[in-house]
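Colleague: here is a sequence with its predicted model. Questions after.
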Amino acid sequence: ETGVTQTPRHLVMGMTNKKSLKCEQHLGHNAMYWYKQSAKKPLELMFVYSLEERVENNSVPSRFSPECPNSSHLFLHLHTLQPEDSALYLCASSQDMGQGNSPLHFGNGTRLTVT
Amino acid sequence: QKEVEQDPGPLSVPEGAIVSLNCTYSNSAFQYFMWYRQYSRKGPELLMYTYSSGNKEDGRFTAQVDKSSKYISLFIRDSQPSDSATYLCAMSATGNTGKLIFGQGTTLQVKP
């Protein structure tokens, strides 16, 4: 099993749909992250959870709603999305947040297309 | 002005060439510098980590930090087709992983 697993790999949804992205980490890490990766743009941090508590919310629209039921699982619930939300959504984990040498381990992402 | 600037490329080189990838930054407080490699249809993976200034070498890869110029570099010696990927620089001031600032990535193609 890979360290960070994301499902589904691809998702196409209409603007009125509700869907969820799932992330699971098998590394025993304490922090989990959602990033958005758009073409020709830097990775954008969306949410951070540390020990299942949300510690960062970078002005993300409310149509994105994260959930972290335990330290191994992270969800991103999507509803009423816009076409500009089409992107690669990456989940990551790290041992903790405070150490500069605690690297991020990324999943392979969910490619989201909003039609 | 973006906090971190990285030329998106693409950069195309012949196999065996020395590759230089660079990022500039504006925040003089940055102390933690990383390079991530991202293959097509994969997530980024950490390639090199450097704290403060200086060089770090790992096999064919060398990371350099010049804090006086606010400039970091990744050198790849004897480049291989398997090095074809997008290279992302990332940095932070405090070491807090939730405060990493990424460059937009440089796409590298190494031609056999």
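Modeller: It's in.
Colleague: all the strands of chain B, in order from the start?
Modeller: Assigned strands in chain B, in chain order: B:4-5, B:11-14, B:19-25, B:32-38, B:45-51, B:54-58, B:61-66, B:71-76, B:85-92, B:101-102, B:106-111 (criterion: DSSP state E).
Colleague: ugh, wrong one, chain A
Modeller: Assigned strands in chain A, in chain order: A:4-7, A:10-13, A:18-25, A:31-37, A:44-50, A:53-57, A:64-70, A:73-79, A:87-94, A:105-106, A:110-114 (criterion: DSSP E).
Colleague: and for the closest residue to residue B:34 other than its chain neighbours, the neighbour number?
Modeller: In space, residue B:34 comes closest to residue B:90 once its chain neighbours are excluded; the distance is 4.5 Å by C-beta to C-beta, 6 or more residues apart in numbering or on different chains. Glycine gets a C-beta too; all of them are placed from N, C-alpha and C. By other C-beta atoms under 10 Å in any protein chain shown, 26 other residues sit near residue B:90.
Colleague: same check on residue B:94?
Modeller: 14.
Colleague: want to try JSON lines for the strands of chain B, with mean pLDDT as columns?
Modeller: Formatted as JSON lines, these follow (pLDDT from 0 to 100):
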{"stretch": "strand B:4-5", "mean pLDDT": "95"}
{"stretch": "strand B:11-14", "mean pLDDT": "97"}
{"stretch": "strand B:19-25", "mean pLDDT": "97"}
{"stretch": "strand B:32-38", "mean pLDDT": "96"}
{"stretch": "strand B:45-51", "mean pLDDT": "92"}
{"stretch": "strand B:54-58", "mean pLDDT": "92"}
{"stretch": "strand B:61-66", "mean pLDDT": "96"}
{"stretch": "strand B:71-76", "mean pLDDT": "97"}
{"stretch": "strand B:85-92", "mean pLDDT": "96"}
{"stretch": "strand B:101-102", "mean pLDDT": "94"}
{"stretch": "strand B:106-111", "mean pLDDT": "97"}
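Colleague: thank you, goodbye.
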